[in-house]
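Colleague: have a look; sequence and predicted model below, questions after that.
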Amino acid sequence: MTATKIPVRFVVLALMTMSSACCVTATRPPSNISVALDREISQPSVRVHLVGVTDGDDLERFNTKGLGLVDDWFKAGNLLRAAKERNNVVKEMILDKDKQATMVLAADNPIWANWEKYGAKWLVVLANLPASKDEKDMKDTRICILPLDKKRWSDPITISITISPVGVPMHIVPTPKPAKD
């Protein structure tokens, strides 16, 4: 190997590493996700799952199931949840009114690396609450789907989600999808 081939290979390798690192950081919001229980919640505790989801069929599973998805998700033996857990893309939070009514998923939490490795483009938030539906469009309000594309979030922010008796409203919403990607 000649002396000029070694530096060229090193530069190519360095550029490839830098470009892949840029792609990885573009798929996560820039800061923390705060999940809190509303004071009006009647249950003493609520299970919340944050699930990394890819585009296409994976996302469609969470968009099209309607009112049965959340109830099924939290049942023992649910196949979709089991598959996601095997892929290490489910983060469970158990919010307790008396002990820990708010939890924060920090931007440096290891689950982010799992979601990136899996190729997650979306974060699905599911709250194990009694069924409540939006009468206008029959959407299950116990589920919220957030984009993980960094371009969709102001920088820096904390995404705040409050689990209320009527579902999972967000206090900070993503910007519309950019016209050109």
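Modeller: Received it, and whenever you're ready, just let me know what you need.

Colleague: quick check on residue 95: phi, psi?
Modeller: Listed backbone geometry of residue 95 is phi -90, psi 130, with angles given as degrees, to the nearest 10.

Colleague: what sits against it?
Modeller: Residue 95 makes contact with 35, 36, 37, 45, 46, 48, 101, 102, 103, 163, according to C-beta atoms under 8 Å, 6 or more residues apart in numbering. C-beta coordinates here come from the backbone N, C-alpha and C atoms, glycine included.

Colleague: hmm, 6 Å instead?
Modeller: Residues touching residue 95, when contacts are defined by C-beta atoms under 6 Å, 6 or more residues apart in numbering, comprise 37, 46, 101.

Colleague: in the sheet, who's paired with it?
Modeller: According to DSSP bridges, residue 46 are recorded as the beta-bridge partners of residue 95.

Colleague: over to residue 104?
Modeller: Per DSSP bridges, the residues bridged to residue 104 are residue 34.

Colleague: could you measure from it over to residue 50?
Modeller: When C-beta to C-beta, to the nearest Å is applied, the distance between residue 104 and residue 50 equals 12 Å.

Colleague: more neighbours, those two?
Modeller: Neighbours per residue, other C-beta atoms under 10 Å: of residue 104 and residue 50, the larger number sits with residue 50, 22 against 15.
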